[in-house]
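>>> Need a 3D model of the sequence below.
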Amino acid sequence: MKDLYTFDYNAEEALKTYDLVRRAYTRLFDELKIPYLVAAADSGNMGGNLSHEFHFPSSKGEDTIISCSNCDHAYNEELANGQAPETEPEKLKVNNPKDETSALGSDGPPAISTGLWMAISRDRKTLVRGWYPKYLMQEGSIEPVEREVNSHAVKAITNAAGLDLDLSVENPLQQWLAELKQAGNSERPKVLDLYDSQVRVYKRPPLSDLLHEVDKVDTDIEYSMLDRFPGTTKRLQLVRVHDGDKCPRCEKGTLKSQTAIELGHTFHLGARYSEVLQASVAVDSALLGGGDSDKPSSSTSKTQIVPMQMGCHGIGVSRMISAVADMLSDSKGLNWPRAMAPYEVVVVPAKGLEADAEKVYDALASDKDAPLDVVLDDRDKQIGWKLGDADLIGYPVIVVVGKGWKNQRTLEVQCRRLDNLREEVPFDRLSEFVRSLLDRL
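I've put the predicted structure just below:
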């Protein structure tokens, strides 16, 4: 892991540093010339309120990244906040929040059928039921699309409501019932119903429809519901993004979800750690601009003591190597991008042409316009074995000193990443031709 920690004297400068690091990472991944995504991310245990991840699309990835086909909107699915996009037309309105039989609106939701998803609080006293659109018609589709609940979105909603969910429980209804029987009448059990914006709020079906044993428990159950995000007027979105959904930011593009491997991460941590560790710095009051920084612990007329604003950044070097190797390899072996290859070019001579190969090597390595990063395979092996080894190692360009050199002073140039290119090139054009290939990699 390549780590970088940054320290600034106020938040404004720290955000400038954050942007510089993020752009440096972008240039690095651009140089690799491999597909990658920059996604807004959850800061998680690291803390802070600004975080971005650099992801490499891969079927072996552990993260799910949502990105737009038209704009730069991209985010980790873990960042789902359970709030329906504000651009959605306001069709639904609560008629009477206290009336459990009332529906939201009269136009009817786009859901074809309603699904039920359940979870339980960590203290086992609250059962959470999520009512979501099981099937939806998607614009441009003639078949309904099946939807799934996004557990990250549900957790964001319940956290905002002051409830800590345990998503690891596989049988939440049975667990809740067991707790209900143990508690007796000492503490009133609870059921919280969450309603996706595309599902009408109907009268709740009794728990006995789901588990007949509830009728045998002489306990008063406290029911509550949420169809808006706590503390806001925003409706709820419980389901995961499906490929083809409209982008809520630009409304022109469509969203796509893909698994990816995280290669880099940037965090703006603020003063979370520096305040605890009392890591402060004396700063000229004029530089602080009248309150851009946190409150000083002490001050004079000219200086203020302020906690440092911190950033934390990193690139997973070993992970990046394995991810790129996995994506670009083929049946012949590795196939490195130019920036990661051990050498850009390998010169492979046939038996008896070792002296000529040295001239070719010298011409490429000492080219006055742009010397190339080249290696000569002068091992005492047959040319077929050396070429197979060159493919296995994954050099971007292979220059073969073989039959063409004997017959007409040409060299065979190979490049697997450019459609398995093989071309005979005159010696006087070799450097120029090889550079043109490398520029495309």
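>>> Test my guess that Asn199 contacts Trp131.
Not quite, residue 199 is Val, not Asn. Yes. Counting by CB atoms under 8 Å, Trp131 is a contact partner of Val199 at 5.0 Å. Yep, even glycine has a C-beta here, placed from its N, CA and C like the rest.
>>> anything in contact with each of these two?
Both Val199 and Trp131 are contacted by Thr114, under the criterion CB atoms under 8 Å, 6 or more residues apart in numbering.
>>> For Asp19, grab phi and psi.
With angles defined as degrees, to the nearest 10, Asp19 sits at phi -70, psi -40.
>>> Which strand residues bridge Val306?
Val281 (DSSP bridges).
>>> just Val413 next, same as before
Per DSSP bridges, the residues bridged to Val413 are Val399, Glu423.
>>> switch to numbering from 56
In the new count, where the first residue is 56, that last one comes out as Val468.
>>> Name all residues that make contact with it.
452-455, 476-480, 485, 488-489, 492 are the contacts of Val468 under CB under 8 Å, 6+ apart.
>>> distance of it from Leu493?
For Val468, the distance to Leu493 equals 11 Å [CB to CB, to the nearest Å].
>>> from the contacts of Val468, which would you call buried?
452-455, 480, 485, 488-489, 492 (16 or more other CB atoms under 10 Å).
>>> Make a markdown table from those and add pLDDT and distance to Ser168 to it.
Below are the buried ones among the contacts of Val468 laid out as a markdown table (pLDDT from 0 to 100; distance: CB to CB, whole Å):
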| residue | pLDDT | distance to Ser168 |
| --- | --- | --- |
| Val452 | 98 | 57 |
| Ile453 | 98 | 58 |
| Val454 | 98 | 63 |
| Val455 | 98 | 63 |
| Val480 | 97 | 64 |
| Leu485 | 96 | 66 |
| Phe488 | 96 | 62 |
| Val489 | 96 | 61 |
| Leu492 | 96 | 56 |
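>>> tell me the mean pLDDT for the longest strand seen in the chain?
Counting residues, the longest strand in the chain under DSSP state E turns out to be strand 310-325. Mean pLDDT, strand 310-325: 93.
>>> What is the nearest of the contacts of Val468 to Gly286?
The shortest gap between Gly286 and any of those belongs to Leu492, at 58.3 Å (CB to CB).
>>> Setting aside sequence neighbours, what's the nearest residue to that closest one?
Closest residue in space to Leu492, ignoring its immediate chain neighbours: Cys470 at 5.2 Å, by CB to CB, 6 or more residues apart in numbering.
>>> And Ile376, by the same measure?
In space, Ile376 is closest to Met395, 7.1 Å off (CB to CB, 6+ apart).
>>> Please look at Tyr416 and Val403 and confirm they touch.
No. Using CB under 8 Å, Tyr416 makes no contact with Val403, being 10.6 Å away.
>>> what stretches of the stretch 256-405 of the chain score poorly on pLDDT?
257-274, 344-356 (pLDDT under 70).
>>> re earlier: now for the helix or strand just after the longest strand of the chain, which elements pack on it?
Per DSSP states H and E, the first helix or strand lying C-terminal to strand 310-325 is helix 327-332. Applying 3 or more CB pairs under 8 Å, 6 or more residues apart in numbering; DSSP states H and E, one finds that helix 327-332 contacts strand 364-370.
>>> From the rest of the structure, what touches the strand it packs on?
Everything outside strand 364-370 that qualifies as a contact, by CB under 8 Å, 6+ apart, is 56-66, 68-69, 72-73, 76, 80, 83, 101, 109, 318-329, 348.
>>> That one relative to strand 310-325, how many degrees between them?
140 degrees (axes from the mean of the first three to the mean of the last three CA atoms, to 10 degrees).
>>> Sheet-wise, list the partners of strand 364-370 with their directions.
strand 57-63 (antiparallel), strand 310-325 (antiparallel).
>>> most tightly surrounded among these?
Mean neighbour count (mean count of other CB atoms under 10 Å) peaks for strand 310-325 among the strands paired with strand 364-370, with a mean of 22.
>>> Centre of the chain to that one, how far?
Distance of strand 310-325 from the chain centroid (CA atoms, centre = their mean, to the nearest Å) equals 3 Å.
>>> Strands along the stretch 356-496 of the chain, start to end?
Here the stretch 356-496 of the chain has its strands, by DSSP state E, counting those that start in this stretch, at 358-362, 364-370, 400-404, 429-431, 452-456, 465-470, 476-481.
>>> can you confirm Ala341 is in a helix?
Yes. Assessed with DSSP: H, G, I helix; E, B strand; the rest coil, Ala341 lies in a helix.
>>> still on that earlier bit, got any residues that touch both of Val468 and Leu493?
Joint contacts of Val468 and Leu493 (CB under 8 Å, 6+ apart) are Val452.
>>> What count of nearby residues applies to Asn226?
Neighbour count of Asn226, defined by other CB atoms under 10 Å: 11.
>>> Would you agree Glu86 falls within a strand?
No. With three-state DSSP as the criterion, Glu86 is located in helix rather than a strand.
>>> mind listing what the residue nearest to Leu492 touches?
Applying CB under 8 Å, 6+ apart, the residues near Cys470 are 451-453, 476, 492, 496.
>>> Same question for Tyr60.
365-368.
>>> Could you do Val93 as well?
Val93 touches 77, 81, 107-110, 127, 129, counting by CB under 8 Å, 6+ apart.
>>> tally of neighbours for the residue lying closest to Ala233 once chain neighbours are set aside?
Among residues not flanking Ala233 along the chain, Arg179 sits closest, at 7.7 Å (CB to CB, 6+ apart). Arg179 is flanked by 19 other residues according to other CB under 10 Å.
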